[in-house]
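Engineer: After the sequence you'll find the predicted model.
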Amino acid sequence: MKLNKILAFRLMLSILMIAGFASCSKKSSSKNASRATGWNVDGKKGSNAKKQETGPGLVFVEGGTFTMGKVQDDVMHDWNNTPTQQHVQSFYMDETEVTNFMYLEYLDWLKQVFPPTEENYKNIYEGASPDTLVWRNRLGYNETMTNNYLRHPSYANYPVVGVNWIQAVEFSKWRTDRVNEAVLEKSGYLKKNAKTQDVSAESSFSTETYLNSPTLTYGGNEEIVLKGKKGARKTPKAGKDGKVTEAKNVYAQRSSGIILPEYRLPTEAEWEYAAAADVGQREYNIYKGQKKYPWSGDYTRSGKRQSKGDQLANFKQGNGDYGGIAGWSDDGADITNAVKSYPANDFGLYDMAGNVAEWVADVYRPIIDNESNDFNYFRGNLYTKNKIGADGKVEIVTKENMKYDTLSNGRIMARNFPGQIAQVPVDEQETYLRQNFDKSDNVNYRDGDKQSTRYYNFGSDSETAKQKEEKIMYNSPKHNVTTDSLGMMVRKYDKSSKRTTLINDQVRVYKGGSWRDRAYWLDPAQRRYFPQDMATDYIGFRCAMSRVGPKADKKKTARN
């Protein structure tokens with residue numbers, strides 16, 4: 001009898017222990033349990049994190065390896081595109097070039113927020129406006145395009161031209177803020193319709209300002225900048241033990257997963273990779289880069305039965321031949337053409353050859369040496385950081401401390417706007433003992449700085465700065481154009497006879513052929529350069545956006 005009681009007690013104890021272990025196991029396997037500590041955490045920060053949404057106008061480009069710079073023809077004998085094996089991370093790119101309609105939306109916003117009639121803002125709208133005079137030719141009648149191309153509704157879906165590289169960069173920054181402003185409003189973090197009803201120069205929205213100091217956004221107006229998802233200001237709640245705990249009221253953060261990375265110009269590597277679209281060309285040996293155009297084959301006409309003989313891009317077919325013979329052998333355009341007028345490539349991108357050439361982010365150099373970076377290659381890094389004021393807080397740009405640049409043609413452009421965070425170059429605090437970078441300006445790293453001069457002994461201390469400068473590899477003319485107190489241009493031209501090149505740190509790469517170019521330039525690997533503060537009637541641009549998270553949204557294989 002006593003033995004039976006002991007056995008029964010042991011059985012009951014075993015059952016209780018198993019139940020306890022099961023309870024612990026169940027608790028530790030909770031979706032909100034940290035794999036590091038076992039504590040309950042917000043699951044949204046872990047495995048249940050949101051994936052990046054595709055921004056307006058963008059399509060996904062899955063990254064991979066390709067041969068950058070491989071061309072079949074080099075009739076210009078530039079030798080500026082030596083083949084190198086490169087890897088590009090996944091990113092997003094505009095489906096089409098930025099159109100006149102898209103750019104006019106930008107100009108209308110600038111005019112509304114920064115009225116040109118106010119003294120502080122008189123140069124902003126004009127500085128952002130495309131140069132419509134690029135259409136003029138001494139021996140050609142093009143006044144129709146000069147007067148109508150940008151604003152007439154017939155050209156609304158045509159790619160914008162007359163935009164220099166600096167203007168394209170500023171448009172991209174504006175687009176970033178407007179897209180994220182709409183995202184936050186939709187998610188309930190901003191008052192509804194604030195982006196159109198409550199906007200002014202002193203209270204415009206900046207993505208970086210919101211992320212760093214939300215209370216300074218919209219001039220610190222708490223009626224616009226809301227806390228909590230959907231703007232819900234949660235009230236304190238009483239727990240089971242009767243104690244009242246404060247509910248969290250937070251602004252959106254990067255960890256919220258809803259704020260998109262910045263719109264920007266694509267790097268040269270990204271643009272070339274996206275244009276080549278090797279993803280759909282399994283019949284080619286893509287590692288050798290033998291693909292000539294963004295489409296299959298070595299010809300500019302379609303071989304498909306439904307469209308046999310149609311031109312696949314808008315380009316100049318010969319001297320005096322900008323469109324072909326009217327009616328039966330025509331590419332549909334004489335100047336530019338509406339976007340999506342020709343088939344997309346295998347990434348779903350339109351007009352990656354022809355129509356207009358396109359600005360990319362890179363500073364131009366004729367050679368990419370064998371020691372170049374082979375992962376997300378880019379030349380043009382200028383590292384900055386937020387400027388911290390005397391009070392220890394980030395310094396916000398106001399209308400009194402805006403900065404303007406005078407371009408080589410005398411045009412004045414704003415380089416920062418009220419509501420943005422002021423930027424300064426990184427210093428020794430960020431660069432000390434680092435191996436990956438040691439200064440803010442890396443534009444001419446190993447290709448134009450002291451270390452890359454052809455003179456191994458750079459010179460004695462007795463040499464003047466001008467003498468040292470003339471030994472630099474890319475010693476282009478140093479023209480100085482400024483404006484005086486009356487707004488008149490003051491031009492000081494560099495007349496030195498020792499200048500040997502036009503390449504400097506202010507010339508940018510542009511890619512792809514245009515309506516003015518022969519088929520030779522349609523090859524995605526071809527590259528040319530143009531001063532960043534000048535514009536033409538054949539260079540436009542499109543935006544890109546980096547992808548965060550996985551390389552692609554692919555299902556796991558059986559092996560995984």
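Structural biologist: Great, that's in hand. Numbering: from 1, shown residues only.

Engineer: Assess the claim that Met534 and Ser408 are in contact.
Structural biologist: Yes - counting by Cβ atoms under 8 Å, Met534 touches Ser408, with 7.1 Å between them. C-beta here means a position set from N, CA and C on the backbone, and glycine is covered the same way.

Engineer: a helix runs through Ser255, doesn't it?
Structural biologist: Yes - according to DSSP: H, G, I helix; E, B strand; the rest coil, Ser255 belongs to a helix.

Engineer: Show me the helices in the stretch 151-300 of the chain, by range?
Structural biologist: With helices called from DSSP state H, counting those that start in this stretch, the stretch 151-300 of the chain shows them at 165-186, 194-197, 207-212, 268-276.

Engineer: Kindly reformat the ones you listed as TSV containing mean pLDDT and mean neighbour count.
Structural biologist: Formatted as TSV, these follow (pLDDT from 0 to 100; neighbours: other Cβ atoms under 10 Å):
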stretch	mean pLDDT	mean neighbour count
helix 165-186	95	21
helix 194-197	70	15
helix 207-212	91	20
helix 268-276	95	27
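
Engineer: Of all these, which one is nearest Arg491?
Structural biologist: helix 165-186 (19.1 Å; Cβ to Cβ).

Engineer: Who are the packing partners of the closest one?
Structural biologist: Secondary-structure packing of helix 165-186 (3 or more Cβ pairs under 8 Å, 6 or more residues apart in numbering; DSSP states H and E): helix 100-113, helix 124-128, helix 194-197, helix 207-212, strand 412-414.

Engineer: at 7 Å what do you get?
Structural biologist: helix 100-113, helix 194-197, helix 207-212 (3 or more Cβ pairs under 7 Å, 6 or more residues apart in numbering; DSSP states H and E).

Engineer: Give me the angle between that helix and helix 100-113.
Structural biologist: Using axes from the mean of the first three to the mean of the last three Cα atoms, to 10 degrees, the inter-axis angle of helix 165-186 relative to helix 100-113 is 80 degrees.

Engineer: gap between Tyr520 and Glu53?
Structural biologist: Going from Tyr520 to Glu53 by Cβ to Cβ, to the nearest Å gives 39 Å.

Engineer: now Ala422
Structural biologist: From Ala422 to Glu53 the distance is 30 Å (Cβ to Cβ).

Engineer: Tyr158 now?
Structural biologist: 28 Å.

Engineer: more crowded one of those two?
Structural biologist: Higher neighbour count among Tyr158 and Glu53: Tyr158, with 24 against 12, using other Cβ atoms under 10 Å.

Engineer: Pretty sure the more buried one sits against Ser341.
Structural biologist: No - counting by Cβ atoms under 7 Å, Tyr158 sits too far from Ser341 to count as a contact (9.6 Å).

Engineer: what does stretch 435-454 contact?
Structural biologist: 363, 365, 379-384, 425-426, 431, 458, 471-474, 505 (Cβ atoms under 7 Å, 6 or more residues apart in numbering).

Engineer: typed the wrong thing, it's stretch 293-301
Structural biologist: Contacts to stretch 293-301, defined as Cβ under 7 Å, 6+ apart, come from residues 275-277, 281, 292, 303, 309-313, 345, 352-353, 519, 522-524.

Engineer: so how far is Pro261 from the residue lying closest to Asn416 once chain neighbours are set aside?
Structural biologist: Computed as Cβ to Cβ, 6 or more residues apart in numbering, the closest residue to Asn416 that is not its neighbour in sequence is Val397, at 5.0 Å. For Val397, the distance to Pro261 (Cβ to Cβ) stands at 22 Å.

Engineer: out of those two, which sits in the busier spot?
Structural biologist: Val397 (21 against 18).

Engineer: if I pick that one, what's in contact with it?
Structural biologist: By Cβ under 7 Å, 6+ apart, Val397 lies in contact with Asn416, Phe417, Pro418, Gly419, Gln420, Ala422.
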